[in-house]
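build me a model from this:
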Amino acid sequence: MTDRRPVTDHDRDQVRALHAQGLSRNEIARQIGRSGKTVSNIAKAAGLTFERGPEVAAATEARKVDAKARRAALALALLDDAERLRKQLFAPCTVYSFGGRDNTFEQALIEEPSFRDKRDLMQAVSTAIDRSVKLDEYDSGANLGQVVSLLETIGRGLTGKYGTGDDEHPIDDDEPGDIDG
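Numbers count the residues shown, from 1 in each chain. You can find the predicted model right below:
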């Protein structure tokens, strides 16, 4: 339904005041009882916009910074987890079992975990460390492509200086500083 009431100076003043408070177009429309289109027309006539580009960009950047801080904290927590798990490899532990014909519970303290338990602990340690490293890599900006490119550049430089060792590019064994004399 179209609002056919004429726009008043009071409407214009309210739009300017609420816009100055940073309210959205739709929130202003709700508060003054007008349509969003009417509020937009009043704002346009007053030279106001509802462009929130800079605010949205700043909020997005703030969320990115917060997420990076959370990933860093998680990476550290994963390393702490890995350390706690690794300490269990050679620590005394309790083993237990349920069952048997009488469905009994038995437990015993042993000097260190079984081989299978140690293997499982090492897998958990490895996973925690791997995930921590991946979180660090994510925020470092380094990716596999950059690493490969760097290694290729180093390889080309070494090949150019020392050759490949094949008949076409023999390695010169008479480099200064060689130990084999």
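
from residue 88, how far off is residue 113?
According to CB to CB, to the nearest Å, residue 113 and residue 88 sit 7 Å apart. Bear in mind the C-beta positions are built from the backbone N, C-alpha and C, glycine included.

so what sits against both of those two?
The contact sets of residue 113 and residue 88 overlap at residue 121 (CB atoms under 8 Å, 6 or more residues apart in numbering).

same question for stretch 50-63, mean pLDDT?
The average pLDDT for stretch 50-63 rounds to 80.

ugh, wrong one, stretch 85-103
91.

how about the strands of this structure, start to end?
Assigned by DSSP state E, the strands in the chain fall at 93-99, 104-110.

just checking, what packs against the first one?
By that I understand strand 93-99. Packed against strand 93-99, as judged by 3 or more CB pairs under 8 Å, 6 or more residues apart in numbering; DSSP states H and E, are the following elements: strand 104-110.

note down every partner strand of the strand it packs on and its orientation.
Strand 104-110 has its sheet partners listed here by DSSP bridges as strand 93-99 (antiparallel).

give me the contacts around the partner strand.
The contact list for strand 93-99 (CB under 8 Å, 6+ apart) reads 104-110, 112-114, 117.

with respect to residue 63, which of those residues is nearest?
Checking the contacts of strand 93-99 against residue 63 with CB to CB, the nearest one is residue 117 at 41.4 Å.

spatially nearest residue to that closest one (excluding sequence neighbours)?
residue 93 (7.5 Å; CB to CB, 6 or more residues apart in numbering).

what number of residues lie near the one you found?
Close neighbours of residue 93, defined as other CB atoms under 10 Å, add up to 15.

distance of it relative to residue 84?
According to CB to CB, residue 93 and residue 84 sit 13 Å apart.

before we move on, back to that, nearest to residue 56 among the contacts of strand 93-99?
residue 117 (51.4 Å).

how near is the closest one to residue 42?
Residue 117 sits 72 Å away from residue 42, going by CB to CB.

quick revisit: the residue nearest to residue 117 bridge partners, please.
residue 110.

now do the one 4 residues further on
With DSSP bridges applied, residue 97 shows beta-bridge pairing to residue 106.

show me the contacts for the closest residue to residue 91 other than its chain neighbours.
Closest residue to residue 91 apart from its sequence neighbours, by CB to CB, 6+ apart: residue 112 at 6.6 Å. Contact analysis of residue 112 by CB under 8 Å, 6+ apart lists 89-93, 118.

so which of residue 117 and residue 42 has more stuff around it?
Between residue 117 and residue 42, counting by other CB under 10 Å, residue 42 is the more crowded of the two (22 against 15).

so where do the helices sit in the protein?
Assigned by DSSP state H, the helices in the chain fall at 9-20, 25-32, 36-45, 53-87, 115-140, 144-162.

could those helices be laid out in JSON lines, adding distance to residue 98?
Formatted as JSON lines, the helices of the chain follow (distance: least, CB to CB, whole Å):
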{"stretch": "helix 9-20", "distance to residue 98": "68"}
{"stretch": "helix 25-32", "distance to residue 98": "61"}
{"stretch": "helix 36-45", "distance to residue 98": "66"}
{"stretch": "helix 53-87", "distance to residue 98": "25"}
{"stretch": "helix 115-140", "distance to residue 98": "17"}
{"stretch": "helix 144-162", "distance to residue 98": "47"}
